[in-house]
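Colleague: Test case, fold it:
(2 chains)
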2 protein chains.
Amino acid sequence: MKRITSLKNNLIKDIKKLSQKKYRDQRGEYLIEGDHLVEEAVNAGAPIVHVLFTEKALTAFSLLLEKIPESCRLLVTEDILRSLSSHPDTPDILAVVAKTSPSRVIDYSRPLLLLDGVQDPGNVGTMIRTADAAGFGTVVLGEGSADIYNDKVLRAMQGSQFHIAVYQGSISEWIGTCKAHGLNVYGTELNPQAADYREIPKTPAFALVMGNEGQGLSAETLSLTTQNLYIPITGQAESLNVAVAAGILMFALKN
Amino acid sequence: MKRITSLKNNLIKDIKKLSQKKYRDQRGEYLIEGDHLVEEAVNAGAPIVHVLFTEKALTAFSLLLEKIPESCRLLVTEDILRSLSSHPDTPDILAVVAKTSPSRVIDYSRPLLLLDGVQDPGNVGTMIRTADAAGFGTVVLGEGSADIYNDKVLRAMQGSQFHIAVYQGSISEWIGTCKAHGLNVYGTELNPQAADYREIPKTPAFALVMGNEGQGLSAETLSLTTQNLYIPITGQAESLNVAVAAGILMFALKN
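Modeller: Numbering: from 1, shown residues only, chains lettered A, B, ... in the order given. Alright, predicted model coming up:
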């Protein structure tokens, strides 16, 4: 097993750059933190490039480490992990994972979640996690949405990238394709004139489009959907957090 | 109108300390940022101690500023606002608001949300905002829950502290009081043996107890409720974010 003790080691410096989207795109790799996510990656058969861990992890996570090829294992110092981690509490294990592309065959038999310019990484990650929990098959990140390999997205997503197909693409094109496959496409708006979501019959497959935190969906996107929904606000708050609204709708609409 | 240009001004140094809970508690004041929250505070008649703003805000928010007594207004430099703000994009207006206690008369005619050790400030703020939107009257922050005047709670809450009664207290005592008032008290657990939330009839008033992000509700708390609920997970995610789960339940249970 290889050991690295210097913060100036070139491999460590390279891994540190994965905190920037530019390098993640260039190298086709990203960093996950903590035994829970590393275990999710191993169980999903995700391509692990390196696993980095401290002496402590050698005993604490020995079963997990055994599942990862010897040649990928790097024993490092706590200082090195701290320099690579974005967590306030540095975990004892990290992994570099190769990005993979989702299947070219889209699953239209299960619901799809389309995110049109959702910017906050915590919201994007939480929505993918919720889509996974609700049995959705696909999430599409439109232009202006946070990068799925951003550390805050990864933390909020809790490994759901290993369970669900996540695509990047044009939301208007995806709306067209979903309609061509006979799916209802539901937009969301803060307009009591839109349909009350509680009146929509539950179905096994549909597409739900959620918009930007501040602006919501554009008038253009709202004109492309088959129907637009509204969550009635009975208190004094002006709106809901977009990830909470998405959660309410995903669980209410899916059969 | 008073002007302050020095970062070393004693009042500015005092306001800066409000980022720490210790000083917020000592002084009974907290800081809100941005014209939206300042407007919410003004509309709610919240006791504004100081409003701090730049030259830019003088024109941009002149109508809002007119609603605040002259003696509270402090024209400051952008540097000063930047030093006080926790936002990456410093707003042009901030206010120091005096904490107020919620009414001693608890409203049991509307639902209550009880948070038992919810630690993440974003989650706590989002849950209070959602409770406000869903028409809840009361939120109780139990021991170990994030401080309501933490800047991340305030940002996620979006002014809902001005609409809804937020108490601090012992969750087990509140469960007892809610039951004594004839309310159903619903706990939440990740246990498919618990009742499926979709089978619970909607009612105008009840109490919903949400637990810690990692541990959920303690066995002791679960034994005090009248019924414990489960949100069926149909995908591969192990659980939902607590604020999303709370949103689904609040909107599903309330009549």
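Colleague: B:V244 is in contact with A:T126, correct?
Modeller: Yes - at 6.2 Å, A:T126 counts as touching B:V244 under the criterion of CB atoms under 8 Å. (C-beta placed from N, C-alpha, C; glycine too.)
Colleague: how much space is there between A:S6 and A:T90?
Modeller: 18 Å (CB to CB, to the nearest Å).
Colleague: Neighbour count for those two, which is higher?
Modeller: Between A:S6 and A:T90, A:T90 has the larger neighbour count (other CB atoms under 10 Å in any protein chain shown), namely 18 against 12.
Colleague: Residue numbers of chain A in contact with chain B?
Modeller: Residues of chain A lying near chain B by CB under 8 Å from any CB of the partner chain: A:122, A:126, A:129-136, A:156, A:158-160, A:163-164, A:231, A:233-241, A:243-245, A:247-248, A:251-252, A:254.
Colleague: Now restrict those to buried residues only.
Modeller: By neighbour count, with 16 or more other CB atoms under 10 Å in any protein chain shown, the residues of chain A next to chain B hold A:122, A:126, A:129-136, A:156, A:158-160, A:163-164, A:231, A:233, A:235-237, A:239-241, A:243-245, A:247-248, A:251-252, A:254 as buried.
Colleague: Tell me the pLDDT of A:L7.
Modeller: As predicted, A:L7 sits at a pLDDT of 95.
Colleague: which residues does it contact?
Modeller: A:79-80, A:83 (CB atoms under 8 Å, 6 or more residues apart in numbering or on different chains).
Colleague: let's go with 6 Å and repeat that
Modeller: A:80, A:83 (CB atoms under 6 Å, 6 or more residues apart in numbering or on different chains).
Colleague: any idea how far A:K16 is from it?
Modeller: 9 Å.
Colleague: repeat for A:R104
Modeller: Distance from A:R104 to A:K16, counting by CB to CB: 33 Å.
Colleague: of those two, who's got more company?
Modeller: Ranked by neighbour count (other CB under 10 Å), A:R104 and A:K16 place A:K16 first, with 15 against 6.
Colleague: Looks to me like that one is in a helix.
Modeller: Yes - under DSSP: H, G, I helix; E, B strand; the rest coil, A:K16 sits within a helix.
Colleague: Skipping adjacent residues, who's closest to it in space?
Modeller: A:L84 (5.8 Å; CB to CB, 6 or more residues apart in numbering or on different chains).
Colleague: Please tell me the pLDDT value assigned to the one you found.
Modeller: A:L84 carries a pLDDT value of 96.
Colleague: for A:M1, same thing?
Modeller: At A:M1, pLDDT is 81.
Colleague: Which parts of chain A are helices?
Modeller: A:10-16, A:21-27, A:35-43, A:55-60, A:62-66, A:78-84, A:121-133, A:151-157, A:171-180, A:219-224, A:242-253 (DSSP state H).
Colleague: starting at the chain centroid, how far to the fifth one?
Modeller: In terms of CA atoms, centre = their mean, to the nearest Å, the centre of helix A:62-66 is set 26 Å apart from its chain centre.
Colleague: outside of it, which residues touch it?
Modeller: A:E39.
Colleague: Which of the residues in it are classified as buried?
Modeller: Using 16+ other CB under 10 Å as the test for burial, helix A:62-66 gives A:64-65.
Colleague: mean confidence score for that helix?
Modeller: Mean predicted lDDT for helix A:62-66 stands at 95.
Colleague: likewise stretch A:142-156?
Modeller: Mean pLDDT, stretch A:142-156: 94.
Colleague: Closest residue of the stretch 51-200 of chain A to chain B?
Modeller: A:G135 (3.5 Å; CB to the nearest CB).
Colleague: quick one: pLDDT of the nearest residue to A:T234 once chain neighbours are set aside?
Modeller: Excluding its sequence neighbours, the residue lying closest to A:T234 (CB to CB, 6+ apart) is B:G135, at 3.4 Å. In this model, B:G135 is scored at 97, pLDDT.
Colleague: B:G135 reaches A:I233, doesn't it?
Modeller: No - checked against CB atoms under 6 Å, the pair B:G135 and A:I233 is beyond contact range at 8.2 Å.
Colleague: Give the bridge partners for A:I93, please.
Modeller: Beta-bridge pairing for A:I93 (DSSP bridges): A:F53.
Colleague: hang on, isn't it packed against A:A57?
Modeller: Yes - using CB under 6 Å, A:I93 is in contact with A:A57, at 4.7 Å.
Colleague: Show me which of these two is the more surrounded one.
Modeller: Applying other CB under 10 Å to A:I93 and A:A57 shows that A:I93 carries more neighbours, namely 25 against 22.
Colleague: got a pLDDT number for that one?
Modeller: A:I93 is assigned 97 on the pLDDT scale.
Colleague: so what's it up against?
Modeller: A:I93 touches A:35, A:38, A:53, A:57, A:61, counting by CB under 6 Å, 6+ apart.
Colleague: could you flag which of those residues are buried?
Modeller: A:35, A:38, A:53, A:57, A:61.
Colleague: Can you tell me how far the last one is from B:D35?
Modeller: Just to be clear, that refers to A:F61. From A:F61 to B:D35 the distance is 49 Å (CB to CB).
Colleague: Then the fourth one?
Modeller: Counting by CB to CB, the separation of A:A57 from B:D35 is 48 Å.
Colleague: Pretty sure A:N150 sits against A:G122.
Modeller: No - assessed by CB under 6 Å, A:N150 is found out of contact with A:G122, at 9.7 Å.
Colleague: What is the neighbour count of A:L52?
Modeller: A:L52: 25 surrounding residues under other CB under 10 Å.
Colleague: Which residues are in contact with it?
Modeller: A:74, A:76, A:94.
Colleague: pLDDT score assigned to it?
Modeller: 97.
Colleague: what's the answer for the one 3 residues further on, then?
Modeller: Among the per-residue scores, A:E55 holds a pLDDT of 95.
Colleague: domain ranges for chain A?
Modeller: Residue ranges for each domain of chain A read A:2-98, A:112-253, as given by automatic domain parsing.
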